[in-house]
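1. this one's sequence-less:
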Ligand SMILES: [Zn+2]
């Protein structure tokens with residue numbers, strides 16, 4: 001059998017790996033969108049370096065677009081097999097894929113309007129339509145965590161808790177061929193220990209090959225404080241002491257729910273005033289939050305207890321979810337201290353850009369970046385600390401406080417990934433493959449993984465193939 005590393009190899013996005021059996025059965029692990037395609041030209045100019053119709057099944061680790069975002073193209077190009085995933089992943093993926101489709105349509109319309117008439121044919125069209133997404137969702141086959149299933153003769157698969165996003169799973173794949181058995185553990189994306197809402201990820205037992213993410217290899221998260229303490233400090237200094245607004249850019253699925261839950265905990269404990277208004281300005285957050293309520297079996301003890309005591313994790317009389325454009329616009333003339341949580345997390349596009357623009361010149365406001373911001377994004381530029389910044393072609397003086405909070409990160413840092421890999425017993429592994437990270441991060445992680453006893457650590461290149469006999 002062979003394993004091809006078709007995506008998120010020496011980069012973070014575009015996760016896609018192909019397992020090919022000797023009898024011709026072909027199975028993808030993830031089928032994600034590659035946001036870095038311009039930086040690293042693909043080996044093959046087509047989106048897929050294989051025929052979509054030649055793939056028999058997909059194992060999907062979780063709903064994030066860099067893991068699921070090319071599924072509608074796979075279906076559009078002829079894939080007709082099952083897409084195995086947990087129920088929560090199926091539900092969140094549907095929302096995220098429709099959202100991705102709308103973002104692409106919006107980008108296309110704006111790019112057309114900006115381009116000259118004779119160059120309009122060069123504008124990148126959306127990669128897929130709503131119909132392609134509807135067709136894709138029909139192929140989702142829901143499976144239970146910790147229960148093995150057989151997608152094909154000789155292959156046994158089991159999903160287990162990853163702790164990264166609701167429904168996210170690591171995948172254990174056991175392949176028997178020619179009298180030999182190989183056991184692979186794909187981490188997908190890992191979560192942090194003791195994260196808000198979710199249970200901890202479970203290390204693999206009895207595997208031969210570990211395929212591990214390394215997003216934060218060589219990096220440490222800034223703070224090890226509890227999320228409540230750090231967030232409380234920002235809320236108190238901004239909304240109470242300064243009577244200002246705390247603006248938090250956050251991804252609509254995952255990060256937003258963690259932050260809202262933490263705020264509700266702070267209110268329940270009396271650390272911040274219960275009457276402080278919280279506005280969640282994100283239609284996608286409104287759609288995806290009920291999925292968290294629908295799956296209490298995936299929540300950690302802290303969240304379950306809170307729900308038992310207070311009835312809801314996300315509802316509060318002073319927490320308002322803004323769906324319509326009118327409600328969003330009305331917020332620009334709300335002047336009292338409050339917390340505004342809105343997407344996109346990297347402040348690229350979305351409703352958050354307007355909130356940042358409206359408040360960046362206010363010395364009483366704080367813009368609190370709650371997650372990773374890729375180079376070149378507005379979030380990244382804000383964190384550079386320059387005195388003026390260009391937003392939507394306007395130069396703005398920066399008077400608001402710009403700060404960063406790491407406690408809500410959904411990926412483990414260097415030490416935390418290493419702890420996970422250590423628990424998978426590296427001396428007993430044939431090989432560790434490091435993926436889903438930039439090369440310097442993966443190199444740093446590789447040295448550390450060798451030091452904890454791994455025999456062999458590979459950092460595959462895009463398109464690299466390994467054969468197992
Ligand atoms: Zn992810």
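-> It's in. Worth saying up front: this structure is predicted, and the values here are computed from it rather than measured.
2. okay, CA-based contacts and neighbour counts for the rest of this
-> Will do.
3. is it true that residue 460 touches residue 10?
-> Yes - counting by Cα atoms under 8 Å, residue 460 does reach residue 10; the two are 7.2 Å apart.
4. which of those two has more neighbours?
-> The neighbour comparison of residue 460 against residue 10 (other Cα atoms under 10 Å) goes to residue 10, with 23 against 19.
5. what's the spacing between residue 5 and residue 31?
-> Using Cα to Cα, to the nearest Å, one obtains 12 Å as the distance from residue 5 to residue 31.
6. which neighbours do the two share?
-> Residues within reach of residue 5 and of residue 31 at once, by Cα atoms under 8 Å, 6 or more residues apart in numbering, are 16, 17.
7. between the two, which has more neighbouring residues?
-> Using other Cα under 10 Å as the criterion, residue 5 and residue 31 rank with residue 31 on top: 28 against 21.
8. from residue 421, how far off is that one?
-> Look at residue 31 and residue 421: by Cα to Cα, they are 24 Å apart.
9. how about residue 377?
-> 31 Å.
10. mind checking which of those two has more residues around it?
-> Between residue 377 and residue 421, counted using other Cα under 10 Å, residue 421 has the larger neighbour count: 21 against 13.
11. got the contact list for residue 187?
-> Residue 187 touches 162, 169, 170, 171, 210, 211, 212, 213, counting by Cα under 8 Å, 6+ apart.
12. could I get those as a markdown table with secondary structure and neighbour count?
-> Listed next are the contacts of residue 187 as a markdown table, based on DSSP: H, G, I helix; E, B strand; the rest coil; neighbours: other Cα atoms under 10 Å:
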| residue | secondary structure | neighbour count |
| --- | --- | --- |
| 162 | coil | 26 |
| 169 | strand | 29 |
| 170 | strand | 28 |
| 171 | strand | 25 |
| 210 | strand | 24 |
| 211 | strand | 22 |
| 212 | strand | 22 |
| 213 | strand | 25 |
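13. export the residues you listed to a markdown table and tack on distance to residue 17 and pLDDT?
-> A markdown table is the format used below for these (distance: Cα to Cα, whole Å; pLDDT from 0 to 100):
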| residue | distance to residue 17 | pLDDT |
| --- | --- | --- |
| 162 | 18 | 97 |
| 169 | 16 | 98 |
| 170 | 14 | 98 |
| 171 | 12 | 98 |
| 210 | 13 | 98 |
| 211 | 10 | 98 |
| 212 | 12 | 98 |
| 213 | 13 | 97 |
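14. nearest to residue 107, of those residues?
-> Nearest to residue 107 among those, counting by Cα to Cα, is residue 213 at 30.1 Å.
15. that closest one bridge partners, please.
-> In this entry, residue 213 is beta-bridged to residue 435, by DSSP bridges.
16. contacts only, for it.
-> Counting by Cα under 8 Å, 6+ apart, residue 213 touches 187, 188, 189, 190, 434, 435, 436, 437.
17. quick revisit: so what sits against both of residue 460 and residue 10?
-> Shared contacts of residue 460 and residue 10, counting by Cα under 8 Å, 6+ apart, come down to residue 435.
18. need the helices for the stretch 251-400 of the chain, in chain order.
-> Shown for the stretch 251-400 of the chain, the helices assigned by DSSP state H, counting those that start in this stretch span residues 255-268, 283-294, 301-310, 325-330, 352-359, 378-383.
19. next, the angle helix 301-310 makes with the longest one.
-> For helix 255-268 against helix 301-310, the angle between stretch directions is 50 degrees (axes from the mean of the first three to the mean of the last three Cα atoms, to 10 degrees).
20. list the buried residues of helix 255-268.
-> Using 16 or more other Cα atoms under 10 Å as the test for burial, helix 255-268 gives 255-267.
21. what is the orientation angle of the lengthiest helix in the chain with helix 283-294?
-> Looking across the chain with DSSP state H, the single longest helix is helix 87-114. Here helix 87-114 runs at 180 degrees with respect to helix 283-294, directions being taken by the same axes, to 10 degrees.
22. show me what helix 87-114 is packed against.
-> Secondary-structure packing of helix 87-114 (3 or more Cα pairs under 8 Å, 6 or more residues apart in numbering; DSSP states H and E): helix 65-68, helix 130-137, strand 140-142, helix 283-294.
23. let me see the ranges of the helices in the stretch 101-250 of the chain.
-> Under DSSP H, counting those that start in this stretch, the stretch 101-250 of the chain gives helices at 130-137, 227-235.
24. what's in contact with stretch 17-35?
-> 1-8, 13-16, 54-61, 65-71, 152, 177.
25. please apply the same query to stretch 310-319.
-> With Cα under 8 Å, 6+ apart as the test, stretch 310-319 has contacts from 257, 260-261, 264, 274-280, 289, 303, 306-307.
26. filter those residues down to the buried ones.
-> 257, 260-261, 264, 274, 276-280, 289, 303, 306.
27. between the residues you listed, which is nearest residue 109?
-> The closest of the buried ones among the contacts of stretch 310-319, once distances to residue 109 are taken by Cα to Cα, is residue 280, at 26.7 Å.
28. from residue 267, how far off is that closest one?
-> Distance, residue 280 to residue 267, using Cα to Cα: 16 Å.
29. and for residue 152?
-> In terms of Cα to Cα, residue 152 sits 51 Å off from residue 267.
30. what does residue 357 give?
-> 28 Å.
31. still on that earlier bit, reformat the helices and strands packed on helix 87-114 as a markdown table; add mean pLDDT and distance to residue 430.
-> Formatted as a markdown table, the helices and strands packed on helix 87-114 follow (pLDDT from 0 to 100; distance: least, Cα to Cα, whole Å):
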| stretch | mean pLDDT | distance to residue 430 |
| --- | --- | --- |
| helix 65-68 | 95 | 26 |
| helix 130-137 | 98 | 36 |
| strand 140-142 | 98 | 31 |
| helix 283-294 | 96 | 38 |
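32. I'd like those written out as CSV, with distance to residue 341 added.
-> Compiled in CSV, those are given as follows (distance: least, Cα to Cα, whole Å):
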stretch, distance to residue 341
helix 65-68, 21
helix 130-137, 27
strand 140-142, 31
helix 283-294, 10
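33. buried deepest among the ones you listed, which one?
-> helix 65-68 (a mean of 24; mean count of other Cα atoms under 10 Å).
34. residue 18 - that's part of a strand, no?
-> Yes - counting by DSSP: H, G, I helix; E, B strand; the rest coil, residue 18 falls inside a strand.
35. for the residue most central in space within the chain, give me the pLDDT.
-> For the chain, the residue nearest the mean C-alpha position is residue 64 (4.5 Å; Cα atoms, centre = their mean). Here the pLDDT value assigned to residue 64 is 95.
36. which ones are touching it?
-> 93, 96.
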